[in-house]
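Chemist: dropping a prediction and its sequence here:
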Amino acid sequence: MEGLRDRTAIVGIGATEFSKNSGRSELQLAVEAIYDALQDAGLTPKDVDGLSTFTYDESIEGEVVRNLGANELTFFGRVGYGGGATGAVVQQASMAITTGVAEVVVCYRALNERSGVRFGLPSLQENPTSEQLFWSHHTMHGLQTPAAMMALAMKRYMQETGATSEDFGRIAVAARKHAATNPKAWYYGRPITLEDHQNSKMLADPLRLFDSCMESDGAVAFVLTSAERARDLKRKPVLVRGAAGSMPRHTHALQNYYRDDIVPRVEVEGVARQLYAQAGLGPKDIQVAILYDHFGPSLLPALEGYGFCARGEAKDFIKNGNIELGGDLPINTHGGQMGEAYIIGMNGINEAVRQLRGTAVNQVAGVEHVLATAGSGTPTSAIILGAG
Amino acid sequence: MYGTPGATLAEGTFPRPQVNRDYAPFYDGIQQGKLLIQKCNKCSELQHPPGPMCGHCNAIDWSMHECSGNGTLHSFTIHHYPPLAGFDTPHAIALADMEEGFRLVAGFKNVEHDAIAIGMEVRLDYPEVEPGYRLYTFVPA
């Protein structure tokens, strides 16, 4: 069951600034973030022999290699399903290193999501691929935005648990509170109140604007290598204690309408089962959680799926500042994707590394293990990182 | 997959679904005002959305089975923002448990949005929204 436990480590992290208009190409953002991560690790582009990213990333490996001045890659792989892939990108990098296919793998994601192609807009499908046949079966009815797709699932969750829009709001308030003290965050110095959340525009009932991640330009990268080699590098290694993914039957990108249980928790439970077994850890061993907040309300079923509380009890778990700094389980201490930036969860993994290095701006004391997840409501994945 | 703006549609044009040979019998049924769902000739399982192989017994041998269009609301949303080409917002979208045991997504018309509740009974309607083109939508039963 140990699988990938403690076989690889994150040895360098990098990022660009997070903005609404980067003023440069996505490829430039990618190579800037990758170079930053390599410098942090004390490595050079010549050391890189693997790249791991998302199918949706626009910066193709060959151009990354050409511009970085890297040499031969022996591993280059991509994972589908957008924000569900964040942990799986680390998983496949760790698999490549553990099997000896590659030695130094950089994971990256770069996007001009605000100034370029915006994911939150209505989208239609124009080619009869298996994916687009499925999507267009819903978009033809005006179910065309990620918020509306997720809204159906969260409406059902509310019905089953009694969770309210105010419960959703507490998650947004916590994110913006953490962002307010993070100078790298887009919403630095700009906290919100529960009233602000309740007054924010309705996107797709029950999801409001402040339930949604923001739109960002920026890039994030981090460097993985073997735990053995990590010991010789300049940073204190952050070990990958486990990395797992799950695609339960009838699970699609935000459209799980044909699954018995449409709540975005089934796939989370699939990841959690594997992840804790692999790491030899349980939810009580986690001091900080980085939970993927494409939509803040999805954190409620995610908290249940990852075992931090029982089904239906997340609305109580998050009360009284319990997920803020000083609470039992600080979540998204960088401000998450509703407060810092929306870089498809990759900025959350960098925050997990900082918490384990002891260098986060909103540092939690005594952090030994951090859970960092990908987006739920879609085939999903997660990792547990631990101090080396 | 994301990010193709709906606004590229002509004003008032309903977006058409993608159709291939797996989906065509279902959409052909809609144009006749019928809810035709794939039924496996080997194990009798109903399968929706359409697909080439029976996920229950792996046969590739289908008939189309006419279903009632009656169901109960499993969940719903009211889309408010942003505007959608071809739709007046806010507009309701429903996911229903159909009485024959499969799920179906469609718009939800002829209903006050405040009156929509999970568990309510719905039926399918097939309005001709443009000359020669029928959509299928839920309405209250």
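Modeler: Now that the structure is in, tell me what you want to look at. Numbers count the residues shown, from 1 in each chain, chains lettered A, B, ... in the order given.

Chemist: where does chain B have low pLDDT?
Modeler: Within chain B, the set of residues satisfying pLDDT under 70 comprises B:1-12.

Chemist: mind listing what A:A96 touches?
Modeler: A:G50, A:S52, A:F75, A:G77, A:A102, A:V105 (Cβ atoms under 8 Å, 6 or more residues apart in numbering or on different chains). Placement of C-beta: from N, CA and C, glycine included.

Chemist: avg pLDDT for the helix or strand it falls within?
Modeler: Using DSSP states H and E, A:A96 sits within helix A:86-98. On average, the pLDDT along helix A:86-98 is 98.

Chemist: report the buried residues of it.
Modeler: Neighbour-count burial for helix A:86-98, counted by 16 or more other Cβ atoms under 10 Å in any protein chain shown, picks out A:86-98.

Chemist: near chain B at all, the one helix or strand A:W135 maps to?
Modeler: A:W135 belongs to helix A:130-139 when assigned by DSSP H and E. Yes. Contact of helix A:130-139 with chain B (Cβ under 8 Å from any Cβ of the partner chain) involves A:E131, A:Q132, A:L133, A:F134, A:W135, A:S136, A:H137, A:H138, A:T139.

Chemist: just the CA coordinates for that helix, please, in CSV.
Modeler: This file holds the C-alpha atoms of helix A:130-139, laid out as CSV (Å, rounded to 0.1, in the frame of the first residue of the first chain):
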residue,chain,number,x,y,z
SER,A,130,-16.8,11.8,-27.1
GLU,A,131,-16.1,14.6,-24.6
GLN,A,132,-18.0,17.3,-26.6
LEU,A,133,-21.0,15.0,-27.4
PHE,A,134,-21.4,14.6,-23.7
TRP,A,135,-21.0,18.3,-22.9
SER,A,136,-23.3,19.5,-25.6
HIS,A,137,-26.0,17.2,-24.3
HIS,A,138,-26.2,19.7,-21.4
THR,A,139,-25.0,23.0,-23.0
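
Chemist: could you give me the buried positions within it?
Modeler: For helix A:130-139, by 16+ other Cβ under 10 Å, it's A:Q132, A:L133, A:F134, A:W135, A:S136, A:H137, A:H138, A:T139.

Chemist: for the second one, give me its contacts.
Modeler: For A:L133, the set of contacting residues under the criterion of Cβ under 8 Å, 6+ apart consists of A:Q125, B:P17, B:Q18, B:V19, B:N20, B:D22, B:Y23, B:P49.

Chemist: are any of the residues you listed buried, and which?
Modeler: A:Q125, B:P17, B:Q18, B:V19, B:D22, B:Y23, B:P49.

Chemist: most widely separated two among these?
Modeler: Greatest spatial distance among these (Cβ to Cβ): A:Q125 and B:D22, at 14.8 Å.

Chemist: run a quick neighbour tally on the single nearest residue of the stretch 151-300 of chain A relative to chain B.
Modeler: Here the stretch 151-300 of chain A gets closest to chain B at one residue, A:A151, 3.7 Å apart by Cβ to the nearest Cβ. Neighbour count for A:A151, taken as other Cβ atoms under 10 Å in any protein chain shown: 29.

Chemist: hang on, the earlier thing: output the contacting helices and strands for the helix or strand following the helix holding A:A96.
Modeler: On the C-terminal side of helix A:86-98, the closest following helix or strand by DSSP H and E is strand A:104-112. Helices and strands touching strand A:104-112, by 3 or more Cβ pairs under 8 Å, 6 or more residues apart in numbering or on different chains; DSSP states H and E, are helix A:26-41, strand A:50-54, helix A:86-98, strand A:217-226, helix A:346-357.

Chemist: just checking: what are the partner strands of strand A:104-112?
Modeler: If you go by DSSP bridges, strand A:104-112 pairs up with strand A:50-54 (parallel), strand A:217-226 (antiparallel).

Chemist: still on that earlier bit, the contacts of A:L133 in strands, which ones?
Modeler: Using DSSP state E, no member of these sits in strands.

Chemist: which two in those are spaced the farthest apart?
Modeler: Pairwise distances across those peak at 14.8 Å for A:Q125 and B:D22 (criterion: Cβ to Cβ).

Chemist: A:T378: which element?
Modeler: Assessed by DSSP H and E, A:T378 sits outside every helix and strand.

Chemist: ok, now how distant is it from chain B?
Modeler: For A:T378, the distance to chain B equals 11 Å [Cβ to the nearest Cβ, to the nearest Å].

Chemist: wait, that residue touches A:V79, no?
Modeler: No. Applying Cβ atoms under 8 Å as the test, A:T378 and A:V79 come out as separate, 11.5 Å apart.

Chemist: the two: which is more packed in?
Modeler: A:T378 (27 against 23).

Chemist: tabulate the residues of helix A:130-139 next to chain B (JSON lines), appending pLDDT.
Modeler: Shown next, in JSON lines, are the residues of helix A:130-139 next to chain B (pLDDT from 0 to 100):
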{"residue": "A:E131", "pLDDT": "91"}
{"residue": "A:Q132", "pLDDT": "91"}
{"residue": "A:L133", "pLDDT": "93"}
{"residue": "A:F134", "pLDDT": "95"}
{"residue": "A:W135", "pLDDT": "93"}
{"residue": "A:S136", "pLDDT": "93"}
{"residue": "A:H137", "pLDDT": "96"}
{"residue": "A:H138", "pLDDT": "96"}
{"residue": "A:T139", "pLDDT": "95"}
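
Chemist: tell me the buried residues in the strand ranked longest in chain B?
Modeler: For chain B, the longest strand by residue count, based on DSSP E, is strand B:70-79. Residues B:G71, B:L73, B:H74, B:S75, B:F76, B:T77, B:I78, B:H79 are the ones in strand B:70-79 that count as buried (16+ other Cβ under 10 Å).

Chemist: which residues touch the nearest residue to the first one once chain neighbours are set aside?
Modeler: Okay, so that is B:G71. Excluding its sequence neighbours, the residue lying closest to B:G71 (Cβ to Cβ, 6 or more residues apart in numbering or on different chains) is B:A96, at 3.6 Å. For B:A96, the contacting residues are B:G71, B:T72, B:L73, B:H74, B:R103, B:L104, B:A106, B:V122, B:F138, by Cβ under 8 Å, 6+ apart.

Chemist: now do the helix or strand containing B:A96 against helix A:130-139, angle only.
Modeler: Using DSSP H and E, B:A96 sits in strand B:91-98. In terms of direction (axes from the mean of the first three to the mean of the last three Cα atoms, to 10 degrees), strand B:91-98 departs from helix A:130-139 by 110 degrees.

Chemist: what's the angle between strand B:91-98 and strand B:70-79?
Modeler: Going by the same axes, to 10 degrees, strand B:91-98 makes 150 degrees with strand B:70-79.

Chemist: give me the contact list for stretch A:236-244.
Modeler: With Cβ under 8 Å, 6+ apart as the criterion, stretch A:236-244 contacts A:3-11, A:87-88, A:90-91, A:94, A:224, A:227, A:230-231, A:271, A:274-276, A:278-281, A:352-353, A:356-357, A:369, A:381-388.

Chemist: give me the neighbour count for residue 81.
Modeler: In the absence of a named chain, this looks at chain A. Residues near A:Y81, counting by other Cβ under 10 Å: 24.

Chemist: that's the other chain; I wanted chain B
Modeler: So B:Y81, with other Cβ under 10 Å, has 17 neighbours.

Chemist: and what of A:G189?
Modeler: There are 10 residues near A:G189, going by other Cβ under 10 Å.

Chemist: which ones are touching it?
Modeler: Residues near A:G189 by Cβ under 8 Å, 6+ apart: A:A180.

Chemist: element containing the residue in chain B sticking out farthest from the centre?
Modeler: For chain B, the residue at maximal distance from the C-alpha centroid (Cα atoms, centre = their mean) is B:K42, at 25.4 Å. Counting by DSSP H and E, there is no helix or strand that carries B:K42.

Chemist: again, but for A:G120
Modeler: Using DSSP H and E, A:G120 falls outside every helix and strand.

Chemist: was I right to think it contacts A:M149?
Modeler: No. A:G120 is beyond contact range of A:M149, at 11.1 Å (criterion: Cβ under 8 Å).
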